[in-house]
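[1] Give me a 3D structure for the following:
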Amino acid sequence: MSRLLAHLLHTPLATHRAFPEALQVAIGQAVAAGERTHRGEIRVVVEGSWPLLAVLAGKTVRERAIEVFGMSRVWDTAENTGLLIYVLLCEQKIEILADRGLHGAAGQDAWDGICARLSAAYREGHYREGTLQALERVHELLSRHFPAGVDNPNELPDAPVVLR
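    Residues are numbered from 1 along each chain as shown. Next comes the predicted model:
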């Protein structure tokens, strides 16, 4: 019942307040700067809430993140080095999905640790700091395992997607 209420009571205004335009620009800039240091391609997708039918059907955040991973074409990179940071704002839950080229190098524990710290920051209302720090950690991991080469094209848009 509390999950249903979280989705019912969440408004587009709440999403905008948590992720205003200035933060979206900062996220895009952080993604672009970090991607110059490694061969990964990062997408950040923030979703305010879901339609009630999805909640009633028992959809999990991971299931939705997998859908968004496909719809955002995160899988469509030359080296399979796409990474999705998916945020379900009304539940303050985060999933990081790494394409097969990245997953084995860093491991799920690394991504889960970043998600846990990011979720804790969001619970405190620190959306900007939490998101930018999470991106720093992601860039550190990717730089270590997939350093930038001579040819390092930008294959995915850097700006976050905010679904209200």
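[2] hey, let's count contacts and neighbours off CA atoms from now on
    Will do.
[3] Per-residue pLDDT of the closest residue to Val25 other than its chain neighbours, please?
    Spatially, and ignoring its direct neighbours in sequence, Val25 is nearest to Ala159 (6.9 Å; CA to CA, 6 or more residues apart in numbering). Ala159 is assigned 97 on the pLDDT scale.
[4] quick check, Ala159 in a strand?
    No: judged by DSSP: H, G, I helix; E, B strand; the rest coil, Ala159 forms no part of a strand; its state is coil.
[5] which residues in the protein form helices?
    All helices of the chain, identified by DSSP state H, fall at 2-9, 12-18, 21-35, 52-56, 61-71, 100-106, 108-123, 127-145.
[6] buried stuff in the first one?
    Taking 16 or more other CA atoms under 10 Å as the neighbour-count basis, helix 2-9 is seen to contain the buried residues Leu4, Ala6, His7.
[7] and it, what does it pack onto?
    Helices and strands touching helix 2-9, by 3 or more CA pairs under 8 Å, 6 or more residues apart in numbering; DSSP states H and E, are helix 52-56.
[8] In CSV, could you pull the C-alpha coordinates for the helix it packs on?
    The C-alpha coordinates for helix 52-56 follow below in CSV (Å, rounded to 0.1, in the frame of the first residue of the first chain):
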residue,chain,number,x,y,z
LEU,A,52,-0.7,2.7,-11.3
LEU,A,53,-1.2,-0.4,-13.4
ALA,A,54,2.5,-1.1,-13.4
VAL,A,55,2.6,-0.7,-9.6
LEU,A,56,-0.4,-2.9,-9.1
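[9] what about it, distance to the chain center?
    Offset of helix 52-56 from its chain centre (CA atoms, centre = their mean, to the nearest Å): 22 Å.
[10] lowest-pLDDT helix or strand in the chain?
    helix 100-106 (a mean of 77; mean pLDDT, DSSP states H and E).
[11] neighbouring contacts of it?
    The contact list for helix 100-106, computed with CA atoms under 8 Å, 6 or more residues apart in numbering, reads Gly40, Glu79, Asn80, Thr81, Gly82, Leu83, Leu141, Leu142, His145.
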